[in-house]
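**Q** just to be clear, the model below is a prediction. Sequence and coordinates:
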Amino acid sequence: MQIHKEIAQFPQTPYTILTTGTFDGVHLGHQKILERLLALKAQQAGAETVLLTYHPHPRKILFPHQPLAQLHTLEEKAAKLAQIGIDHLCLLSFDSHFAQTSPEDFVQQVLIARLQTKHFIIGYDHRFGKDRAGDFHFLYQNRNRFGFQVEEIPKQTLDEVAISSSKIRKALAEGNIKFANLLLGYAYSLSGIVVKGNQIGRTLGYPTANLLPSADKLIPAKGIYAVWVWVGKVRYGGMLSIGDRPTIGANLETTIEVNLFDFTGDLYGEELRLEFVEFLRKEEKYEGLSALRQQLEKDEQQSRLLLQIFS
């Protein structure tokens, strides 16, 4: 997949099949749209698929005082799209000036002049242009004038629940990993660099790697989780703690610590990728390190069992 950080870099293509949006998480609803792009490509000789996405997320510009943690970093989104088989990822810089672009100018200047769109796939609720005035109906009514075909992908539901990035964020914030993974269609992941901690876990027989993730990445609710841990291309089972470590002493910042099962070695400076399997329990305060060690033994047993089930 080619990544274009400026749409001016986009090459001439004979037939562009395009969709646009933030696609945060690339969840099952997004995947349905992308499946349609790929199906159309298979029917059209010389066609190339394009996802035009906004960077940074428009809500960060339009509502700067409302914090927004994202399901994907840009690198994670690109990796997922490449895995699916999209040909081009185009990044459109979103700022206060671009937010004033009318739907007409957006279509003429971006979709037609720059990206040579021949077929535009749009999600049922997607809006674009100033005041979000552009939608499927605007595109459909003007399709002959614009010179491209347009079609709308209907709302995707799972067990009668509409799939959306907002619902997934809410589920993760509540520790509802099972529901979040169901809507995503894959296990939610979190990557981070291993940094030095206070090594208390070693004294308990459960050494942990302390992770420093991207500042924009959504961190699930505090608690204990069963996880898969990727060290390069090797996967290990593990259990993860997100929280303040109340038994050891209050922290000013939330820590993210993972214990890798059956691993020996030094991980400092390495990047680990966690895949969340299940929420085990809330963070609790225990009467001393001995009681905490006993609970960790139970957490390990439960985690190993869950990982065996979901392997």
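**A** Received, thanks.
**Q** every contact and neighbour count from this point should use C-alpha atoms.
**A** Will do.
**Q** which helix or strand lies directly C-terminal to the worst-scoring helix or strand of the chain on mean pLDDT?
**A** Here the helix or strand of the chain ranked lowest by mean pLDDT, DSSP states H and E is helix 200-203, holding a mean of 58. Reading on from helix 200-203 to the C-terminus, the next helix or strand found by DSSP states H and E is strand 209-213.
**Q** now the strands for the stretch 151-300 of the chain?
**A** For the stretch 151-300 of the chain, the strands defined by DSSP state E, counting those that start in this stretch cover 157-158, 161-162, 189-195, 209-213, 223-231, 234-243, 255-260, 271-281.
**Q** what mean pLDDT does the first one get?
**A** Right, the one you point to is strand 157-158. On average, the pLDDT along strand 157-158 is 72.
**Q** please apply the same query to the last one.
**A** Average pLDDT, strand 271-281: 96.
**Q** which residues sit against that strand?
**A** Residues outside strand 271-281 that contact it (C-alpha atoms under 8 Å, 6 or more residues apart in numbering): 175-178, 187-194, 211, 223-232, 299, 302-303, 306-307, 310.
**Q** out of those residues, which are buried?
**A** For the contacts of strand 271-281, a burial check counting by 16 or more other C-alpha atoms under 10 Å picks out 175-178, 187-194, 211, 223-230, 299, 302-303, 306-307.
**Q** now Ala42: which helix or strand?
**A** Assigned by DSSP H and E, Ala42 belongs to helix 28-43.
**Q** each with direction, which strands does whichever helix or strand comes after that helix pair with?
**A** Moving toward the C-terminus from helix 28-43, the next helix or strand (DSSP H and E) is strand 47-55. Using DSSP bridges, strand 47-55 pairs in its sheet with strand 15-20 (parallel), strand 88-93 (parallel).
**Q** which among those is found nearest to Gly129?
**A** Closest to Gly129 of the strands paired with strand 47-55, according to C-alpha to C-alpha: strand 15-20, at 12.0 Å.
**Q** how is this protein divided into domains?
**A** Under automatic domain parsing, the residue ranges defining each domain of the chain are 2-162, 187-309.
**Q** kindly list the longest helix within this structure.
**A** helix 289-309 (DSSP state H).
**Q** quick check: bridge partners of the nearest residue to Thr73 once chain neighbours are set aside?
**A** Closest residue to Thr73 apart from its sequence neighbours, by C-alpha to C-alpha, 6 or more residues apart in numbering: Lys217 at 6.5 Å. On the basis of DSSP bridges, Lys217 takes part in beta bridges with Gln70.
**Q** spit out the contact partners of Lys217.
**A** Residues in contact with Lys217 (C-alpha under 8 Å, 6+ apart) are 69-73, 190.
**Q** 7 Å - rerun?
**A** If you count contacts by C-alpha atoms under 7 Å, 6 or more residues apart in numbering, Lys217 has them with 69-73.
**Q** redo the residues you listed as CSV? Include pLDDT and distance to His30.
**A** Shown next, in CSV, are the contacts of Lys217 (pLDDT from 0 to 100; distance: C-alpha to C-alpha, whole Å):
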residue, pLDDT, distance to His30
Ala69, 89, 19
Gln70, 93, 15
Leu71, 96, 13
His72, 95, 13
Thr73, 93, 16
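**Q** which one (most neighbours) among those residues?
**A** Leu71 (26 neighbours; other C-alpha atoms under 10 Å).
**Q** that residue reaches Gly25, doesn't it?
**A** Yes: contact criterion C-alpha atoms under 7 Å: Leu71 and Gly25 qualify, at 5.0 Å.
**Q** count the residues that sit near Gly134.
**A** A count of nearby residues for Gly134, using other C-alpha under 10 Å, gives 18.
**Q** hey, what's it bridged with?
**A** Those that pair with Gly134 in a beta bridge, by DSSP bridges, are Phe128.
**Q** which residues touch it?
**A** Neighbouring residues of Gly134 by C-alpha under 7 Å, 6+ apart: 103, 127-128.
**Q** if we use 8 Å, what do you get?
**A** Neighbouring residues of Gly134 by C-alpha under 8 Å, 6+ apart: 102-103, 127-128.
**Q** now His119: which helix or strand?
**A** Under the criterion DSSP H and E, the helix or strand holding His119 is strand 117-123.
**Q** can you give me the buried ones in stretch 63-82?
**A** Buried-residue list, stretch 63-82, by 16+ other C-alpha under 10 Å: 70-73, 76-78, 81-82.
**Q** great, nothing more from me.
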